[in-house]
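In: give me coordinates for this.
(one chain, ligands or ions: 1)
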Amino acid sequence: MAEIEIRDLVKTYHGASYRATDAVSLTVADGEFVVLVGPSGCGKTTLLRMVAGLELPDSGTVAIGGRDVTGLPARRRNVSMVFQSYAIFPHMKVRTNIGFGLAMRGTPKAEIETRVKRAADVLELTDYLDRYPAQLSGGQRQRVAVARAIVVDAEVLLMDEPLSNLDALLRLQFRAELKRIVGRLGATTLYVTHDQAEAMSLGDRVAVMRSGRIAQIGPPVDVYDRPTERFVGGFLGAPPMNFVPATVTRDGHLAIGEQSLAAPATLKGFAGREILLGVRAENINVGAGADSGGRLTATVEVVEPTGAAMLLTVRLAGHEVKVQAPASFRTEPDSVVRLDCPPESLRYYDAESGMALVA
Ligand SMILES: Nc1ncnc2c1ncn2[C@@H]1O[C@H](COP(=O)(O)OP(=O)(O)OP(=O)(O)O)[C@@H](O)[C@H]1O
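Out: You can find the predicted model right below:
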């Protein structure tokens, strides 16, 4: 059993006027992979370091496997860590690097050898055991760091941007590999990244952080599809969710400038108010030309082929909107397009607070 239970963790760094983490609570179930994601400075690393035992909270508790470890130093927590910098020793061969943690714990030599071999096998490093880090590629070095973390059989795996030193392609490859490895291990994992795509890809659940708090947590697809606040919709997704100001009219419409869509009955109580309409680029149907049938009219500003799709930037009632059209869609700047959004793909937010209006 290695559930991580974080309760009301508060941390204010010396001299700071704000809390780096502001009463964060989070439970990571045994064997679960939770990703902390959010913009720079939102408190992800601070939270992870408090779980690791590298930082003491001002208040709140951390329990691992049902044991309160809040006051315990890192070495007594049975956690394993992988950091952004590979933190592998340049003067040691891969074999020694991987076995380092075990050697420090006084594990017998024969057992170290067996376990290093097993970890190297999992991470496809067997052919590199007698090389020095300088003789490895970035991805291989990163795998050595991961091997060293998994070899000790810790209850909990903590990773802070472990892929950030890799170039884009390697990062993508290793992301899938990491998912496979950690899945196989079944370790309880808390993982920090600022990369929303990485968070979506890896997490059983994703916790989106903002200013020291968890804004929303849930399975990646849920969080992506139903952001509970504008911030989350604007952070997850490339392009981010579109937000268009609209007024709820008394006759049950959503007025977007001079144009309108039907408003759902759930917005009845908001008649007369300006709200934000949230919609993902891929949920907007687009037709070329003024007669193509959609209920809204917009003007194309930018056309970007992405290969898999055609990304359009259009202007709708003075607002910029990203639309993902099929790759075969043909249009050009200044052309008129018609847009339609299936009602089930629309989300509604308070214009001031940015919070979702209806679930
Ligand atoms: N040792 C420190 N002393 C003072 N302030 C710190 C310290 N470490 C972090 N902070 C501040 O605490 C806040 C949270 O930092 P933290 O490193 O946890 O954010 P983060 O979300 O991990 O950001 P990034 O993605 O940039 O690493 C930031 O405002 C940061 O400037």
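
In: alpha carbons only for contacts and neighbour counts from here, please
Out: Noted.

In: number of nearby residues for E344?
Out: Residues near E344, counting by other C-alpha atoms under 10 Å, number 9.

In: again with the one 3 residues further on
Out: Each residue near R347 was counted by other C-alpha under 10 Å, and the total is 25.

In: nearest residue to the one residue in the stretch 201-350 of the chain that gets nearest to the ligand in space, please, no chain neighbours.
Out: In the stretch 201-350 of the chain, the residue that lies nearest the ligand is G212 (7.0 Å; C-alpha to the nearest ligand atom). Using C-alpha to C-alpha, 6 or more residues apart in numbering and skipping the chain neighbours, the partner closest in space to G212 is T21 (3.9 Å).

In: report the contact partners of the residue of the stretch 201-350 of the chain closest to the ligand.
Out: Shown in contact with G212 (C-alpha atoms under 8 Å, 6 or more residues apart in numbering): 19-22, 24, 42-44.

In: tabulate those residues (CSV), appending neighbour count.
Out: Shown next, in CSV, are the contacts of G212 (neighbours: other C-alpha atoms under 10 Å):
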residue, neighbour count
R19, 17
A20, 22
T21, 26
D22, 20
V24, 19
C42, 22
G43, 25
K44, 29
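
In: quick check: buried residues in the longest helix anywhere in the chain?
Out: For the chain, the helix that runs over the most residues, judged by DSSP state H, is helix 168-185. Within helix 168-185, the residues scored as buried using 16 or more other C-alpha atoms under 10 Å are 171, 174-175, 178, 181-183.

In: equivalent analysis for stretch 249-266, please.
Out: Here stretch 249-266 shows 249, 252-256, 260-261, 263 as buried, counting by 16+ other C-alpha under 10 Å.

In: check stretch 205-219 too.
Out: Buried, per 16+ other C-alpha under 10 Å, within stretch 205-219: 205-218.

In: just the residues you listed: which are in strands?
Out: Judged by DSSP state E, strands contain the following of the buried residues of stretch 205-219: 205-210, 213-218.

In: next, the buried residues of the host helix or strand of D121.
Out: Element membership for D121, per DSSP states H and E: helix 109-122. Of the residues in helix 109-122, 112-113, 115-120, 122 count as buried by neighbour count, 16+ other C-alpha under 10 Å.

In: what's the angle between the next helix-or-strand element following it and helix 168-185?
Out: Counting by DSSP H and E, the element after helix 109-122 in chain order, helix or strand, is helix 138-150. Counting by axes from the mean of the first three to the mean of the last three C-alpha atoms, to 10 degrees, helix 138-150 lies at 20 degrees to helix 168-185.

In: mind giving me the packing neighbours of helix 138-150?
Out: Counting contacts by 3 or more C-alpha pairs under 8 Å, 6 or more residues apart in numbering; DSSP states H and E, helix 138-150 packs against strand 79-82, helix 94-104, helix 109-122, helix 168-185.

In: which one of the ones you listed lies nearest to E198?
Out: Nearest to E198 among these is helix 168-185 (7.2 Å), distances taken as C-alpha to C-alpha.

In: rounded mean pLDDT for the next helix or strand after the closest one, please.
Out: Remark: after helix 168-185, the chain's next helix or strand is strand 188-193, criterion DSSP H and E. Averaged over strand 188-193, pLDDT sits at 96.

In: what packs against strand 188-193?
Out: Applying 3+ C-alpha pairs under 8 Å, 6+ apart, one finds that strand 188-193 contacts strand 21-28, strand 33-37, helix 44-52, strand 156-160.

In: any idea how far it is from the middle of the chain?
Out: Mean-position distance between strand 188-193 and its chain equals 10 Å (C-alpha atoms, centre = their mean, to the nearest Å).

In: what packs against the very next helix or strand once past that strand?
Out: Next along the chain after strand 188-193, taking DSSP H and E as the criterion, comes helix 196-202. Under the contact definition 3+ C-alpha pairs under 8 Å, 6+ apart, helix 196-202 sits against strand 33-37, helix 168-185, helix 220-225.

In: by how many degrees do the helix holding D121 and helix 168-185 diverge?
Out: Using the same axes, to 10 degrees, helix 109-122 lies at 130 degrees relative to helix 168-185.

In: ok, the closest residue to the ligand within the stretch 101-250 of the chain - contacts?
Out: Nearest residue of the stretch 101-250 of the chain to the ligand, counting by C-alpha to the nearest ligand atom: H194, 5.5 Å away. H194 is in contact with 37-40, 161, counting by C-alpha under 8 Å, 6+ apart.

In: try T21
Out: Applying C-alpha under 8 Å, 6+ apart, we find T21 in contact with 9-12, 42-43, 46-47, 211-213.

In: same question, T45
Out: Residues near T45 by C-alpha under 8 Å, 6+ apart: 160, 192.

In: how close does it sit to V182?
Out: Applying C-alpha to C-alpha, to the nearest Å, the value for T45 to V182 is 20 Å.

In: buried stuff in stretch 327-342?
Out: Neighbour counts using 16+ other C-alpha under 10 Å place 331, 336-341 of stretch 327-342 among the buried residues.
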